[in-house]
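>>> Sequence and predicted structure, then a few things I'm wondering about:
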Amino acid sequence: MLKIISFIYLIALVLLSLIPLSGIEAPGNSDKIAHFISYGGLAVLAYFIARSFNTRFYLFISVIVLGILLELLQLVIPGRSFSYLDILANISGTLFGFGLSWMFRASREQPRYGGCGSPHTTVPVKHSEEEGRT
C-alpha cells in the first residue's frame, strides 16, 4: 500500500513541477517552503518503502537527481522558471526527510548487538574492590 501511495505522490510531484503556469506568483519565498515540504515528503516515503541500506541510498540519490532534473526541465516549459534556490530547497527537503525518517526508525528499533544500555551486554565489569584482592 505504501508503494502505491509513494507512486501516486511521485506522479503528482512530477506533474505539478512540469505543468505550465501563467500569471501565478507565490508570495515571498513560499514556493521554497513548498519545495522543501514536497521533497521532504517524498524522501520519507522513499525511506520507508526501501528495505535495505543500499536501496535507501539509491533512492536518496534518485530523489535528489529528480529534484535537479525537474528544475532543469522548467527551463524549456513556458510559464515555468528555473531557480537554483528551488534546487537547494529540494535537496534540503530530501536531506531533512531522510534524516527524520532515519531518526524515527532508529528510535523504534531494539539494539541488535550488546551495546551500552542493552540488556544483552556481555562485557565483564571489574569493580575496584575486586582488583585489590587479586
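Noted; the coordinates are in hand.
>>> Quick check, central residue of this structure?
Most central in the chain under CA atoms, centre = their mean is F98, positioned 2.5 Å from the mean C-alpha point.
>>> what about that one, which helix or strand?
helix 84-108 (DSSP states H and E).
>>> same thing with S62?
helix 53-73.
>>> Kindly export that helix (C-alpha atoms) in PDB.
C-alpha atoms of helix 53-73 as PDB (Å, rounded to 0.1, in the frame of the first residue of the first chain):
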ATOM      1  CA  PHE A  53      20.600   0.400   3.300                       C
ATOM      2  CA  ASN A  54      21.700   0.200  -0.400                       C
ATOM      3  CA  THR A  55      18.200   0.700  -1.600                       C
ATOM      4  CA  ARG A  56      17.700   3.700   0.700                       C
ATOM      5  CA  PHE A  57      21.000   5.200  -0.600                       C
ATOM      6  CA  TYR A  58      20.000   4.800  -4.200                       C
ATOM      7  CA  LEU A  59      16.500   6.200  -3.600                       C
ATOM      8  CA  PHE A  60      18.100   9.100  -1.700                       C
ATOM      9  CA  ILE A  61      20.400   9.900  -4.700                       C
ATOM     10  CA  SER A  62      17.400   9.400  -7.100                       C
ATOM     11  CA  VAL A  63      15.200  11.900  -5.200                       C
ATOM     12  CA  ILE A  64      18.000  14.500  -5.300                       C
ATOM     13  CA  VAL A  65      18.600  13.900  -9.000                       C
ATOM     14  CA  LEU A  66      14.800  14.100  -9.700                       C
ATOM     15  CA  GLY A  67      14.700  17.500  -7.900                       C
ATOM     16  CA  ILE A  68      17.500  18.800 -10.000                       C
ATOM     17  CA  LEU A  69      16.200  17.300 -13.300                       C
ATOM     18  CA  LEU A  70      12.700  18.600 -12.800                       C
ATOM     19  CA  GLU A  71      14.000  22.100 -12.100                       C
ATOM     20  CA  LEU A  72      16.200  21.900 -15.300                       C
ATOM     21  CA  LEU A  73      13.200  20.900 -17.300                       C
END
